[in-house]
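**Student:** Model the structure of this input:
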Amino acid sequence: MKNAIELIYKTMFNFFVNKDSYNTVTHILASTVTTLALIIVTLNVVSLLSFIINSTLNIPFGKGGKLLLSICSFIFGYLLLFKLFKCSKTGDADFLFDITKKETNLVWISCVGNFVLLIILSFIRMYYFKK
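**Tutor:** Presented below is the predicted three-dimensional model:
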């Protein structure tokens, strides 16, 4: 699990460095996108569980509570990557991590696939739990 999360971070970091070159917030952007990918996977699991138990699962917070929950999730993701997993914030001398093209493609396919699955499950939930 740790290796998969680090691979997502390294892929996102390399993407942002190649796109805009390295700056002081590149690792923050990469960790935020990594946390977002983990949240999408979690939402997919929750959606599938709601189908299995045949019950809707709603977050009982208002907009402010959901925003606070999101901010706390991103802070938790940042701490998970750099404090618990002790992932390096930058790569080699040119700031890039050394990952293969196959690993990069695997990460992008899984992230896009999870996002598409989230959209599909959202539409299914909308019609399945329609009262």
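**Student:** Tell me the pLDDT of the spatially most central residue of the chain.
**Tutor:** In the chain, the C-alpha nearest the mean C-alpha coordinate belongs to Ala37, at 1.6 Å (Cα atoms, centre = their mean). According to the prediction, Ala37 has pLDDT 94.
**Student:** Now it: closest residue in space, sequence neighbours ignored.
**Tutor:** Cys111 (5.2 Å; Cβ to Cβ, 6 or more residues apart in numbering). Where you see a C-beta, it was placed from the backbone N, CA and C, and this is true even at glycine.
**Student:** just checking, the one you found touches Leu7?
**Tutor:** No - assessed by Cβ atoms under 8 Å, Cys111 is found out of contact with Leu7, at 11.0 Å.
**Student:** Hmm, Asn114 and the residue nearest to the centre of the chain touching each other?
**Tutor:** Yes - contact criterion Cβ under 8 Å: Ala37 and Asn114 qualify, at 6.9 Å.
**Student:** So, low pLDDT: which residues of the chain?
**Tutor:** Along the chain, the parts satisfying pLDDT under 70 run over 59, 131.
**Student:** at 90 what do you get?
**Tutor:** The chain contains residues with pLDDT under 90 at 1-2, 20-25, 43, 46-67, 69-70, 85-96, 121-131.
**Student:** circling back to that earlier point, contacting residues for the residue nearest to the centre of the chain?
**Tutor:** Contacts for Ala37 were tallied using Cβ atoms under 8 Å, 6 or more residues apart in numbering; they are Ile8, Cys111, Asn114.
**Student:** These in helices, which ones?
**Tutor:** If you go by DSSP state H, the contacts of Ala37 have Ile8, Cys111, Asn114 in helices.
**Student:** Neighbour-wise, give me the winner out of those residues.
**Tutor:** Ile8 (25 neighbours; other Cβ atoms under 10 Å).
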